[in-house]
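1. Just a sequence and a predicted model for now, questions to come.
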Amino acid sequence: MHMILGWFITLGLIFNVVFMIREGKDERGRKILFFPLLYSFCLLFLGYSVLNLVVKYWTLEIAIYQLYLDYIFAGSLLVYLLLLFFEKRKKA
């Protein structure tokens with residue numbers, strides 16, 4: 001499962017870099033990139049904060065901790081890519 005999430009994160013980041021190079025040069029491209037980044041970054045911080053609250057009350061094994069972090073990063077990346085796709089279609 002870790003390998004699948006790792007590949008998903010890697011492919012998503014490659015897609016992000018390609019999109020930023022292609023679309024981020026003009027004002028419309030910057031507006032398309034801003035909204036999805038705002039939401040996904042907030043979700044990333046929210047997930048990490050929840051993890052810190054859970055760890056204060058319960059002891060987690062390292063494998064569960066790593067899996068939770070993988071899900072947080074993959075989930076925020078998925079939200080970012082979906083919002084990016086919909087914003088691009090909306091602004092086009």
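-> That came through, no problem. Note that this is a predicted model, so its numbers are computed, not measured.

2. going forward, measure contacts and count neighbours with C-alpha atoms only.
-> Will do.

3. And the helices in this structure, which stretches?
-> Here the chain has its helices, by DSSP state H, at 2-23, 27-57, 62-91.

4. The lowest-mean-pLDDT helix or strand in the chain packs against which elements?
-> Ranked by mean pLDDT, DSSP states H and E, the helix or strand of the chain with the weakest confidence is helix 2-23, at a mean of 73. Under the contact definition 3 or more CA pairs under 8 Å, 6 or more residues apart in numbering; DSSP states H and E, helix 2-23 sits against helix 27-57, helix 62-91.

5. Go through the ones you listed and find the least confident stretch.
-> Note on the helices and strands packed on helix 2-23: lowest mean pLDDT is at helix 27-57, with a mean of 81.

6. Just the buried positions in that one, please.
-> Gly29, Ile32, Leu33, Pro36, Leu37, Ser40, Phe41, Leu43, Leu44, Gly47, Tyr48 (16 or more other CA atoms under 10 Å).

7. Can you add distance to Phe73 and give the residues you listed back as JSON lines?
-> What follows is those, written out as JSON lines (distance: CA to CA, whole Å):
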{"residue": "Gly29", "distance to Phe73": "24"}
{"residue": "Ile32", "distance to Phe73": "21"}
{"residue": "Leu33", "distance to Phe73": "18"}
{"residue": "Pro36", "distance to Phe73": "14"}
{"residue": "Leu37", "distance to Phe73": "13"}
{"residue": "Ser40", "distance to Phe73": "9"}
{"residue": "Phe41", "distance to Phe73": "10"}
{"residue": "Leu43", "distance to Phe73": "9"}
{"residue": "Leu44", "distance to Phe73": "7"}
{"residue": "Gly47", "distance to Phe73": "9"}
{"residue": "Tyr48", "distance to Phe73": "10"}
